[in-house]
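Student: Sequence plus predicted model, see below.
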Amino acid sequence: MTILFAYDGSENADAAIKGSASLLRNNNAEAVVLTVWEPLAVEAVRAMRFGGSVPPIPTDVAEIDDNEEEQAKQLAEHGARIAGEAGFDSRALWVADDRRIADAIVQGAEELDADVIVTGTRGLAGIAAVLGSVSSHVVQQAKRPVLVVPRDGEG
């Protein structure tokens, strides 16, 4: 069994991992902890398109994107450690994606042939706002089961 955890480092994402452990954990379960981030240029275009303020874009965008990738990697690895502590055989996965974060999660589940997608009810704005708009979109678009774990569902 492959479980895809949509992970953004929020307390709700931690609770989703811990809260689903008793239901999903078994000897053959592999947990893939996925963190998705938007490259800086995509964030700027979205802000302009939807009337938000666009911060000045530094000249070295590549360096900033590298820093964001490192942050996403650290988040995914942190989530994988939490999954490991919850009894899952786990690994971290982090990707940059210019689509909606929810679309990237659904696509990731398809590519991994995940048996279930697990998300928290709300997450952090920014790296991955993971029933917030992201989890709602994942539920509507996924072709596989989605488990949405409320923060108080930890146990």
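Tutor: On my side now, so go ahead.

Student: C-alpha from now on. contacts and neighbour counts both.
Tutor: Noted.

Student: Longest helix of this structure, counting residues only.
Tutor: Secondary structure assigned by DSSP state H gives helix 61-85 as the longest helix of the chain.

Student: So which residues of the protein form helices?
Tutor: 11-24, 40-49, 61-85, 101-112, 133-141.

Student: nearest to L93, of these?
Tutor: Nearest to L93 among those is helix 61-85; the distance by C-alpha to C-alpha comes to 6.1 Å.

Student: Please enumerate residues in contact with that closest one?
Tutor: Helix 61-85 is contacted by residues 7-9, 14, 17-18, 31-37, 39-41, 89-96, 127 when judged by C-alpha atoms under 8 Å, 6 or more residues apart in numbering.

Student: Tell me the buried residues within those.
Tutor: 7-9, 14, 17-18, 31-37, 39-40, 89-96, 127 (16 or more other C-alpha atoms under 10 Å).

Student: one step back: can you check which of the helices of the chain gets nearest to V149?
Tutor: helix 11-24 (4.9 Å).

Student: now the angle from that closest one to helix 61-85?
Tutor: 40 degrees (axes from the mean of the first three to the mean of the last three C-alpha atoms, to 10 degrees).

Student: ok, and the helix or strand in the protein with the lowest average confidence?
Tutor: The least trusted helix or strand in the chain, going by mean pLDDT, DSSP states H and E, turns out to be helix 40-49, with a mean of 52.

Student: how far away is A83 from S22?
Tutor: Plainly put, A83 is 12 Å away from S22 if you go by C-alpha to C-alpha, to the nearest Å.

Student: Go through the buried ones among the contacts of helix 61-85 and flag which are in strands.
Tutor: If you go by DSSP state E, these have 31-37, 89-96 in strands.

Student: picking up where we left off before, A83 and S22: which is more packed in?
Tutor: A83 (27 against 13; other C-alpha atoms under 10 Å).

Student: hang on, L93 packs against V33?
Tutor: Yes. With contact defined as C-alpha atoms under 8 Å, L93 reaches V33; the gap is 5.9 Å.

Student: Quick check: which ranges of the protein have low pLDDT?
Tutor: The model of the chain has pLDDT under 70 over residues 27, 39-66, 122-132, 151-155.
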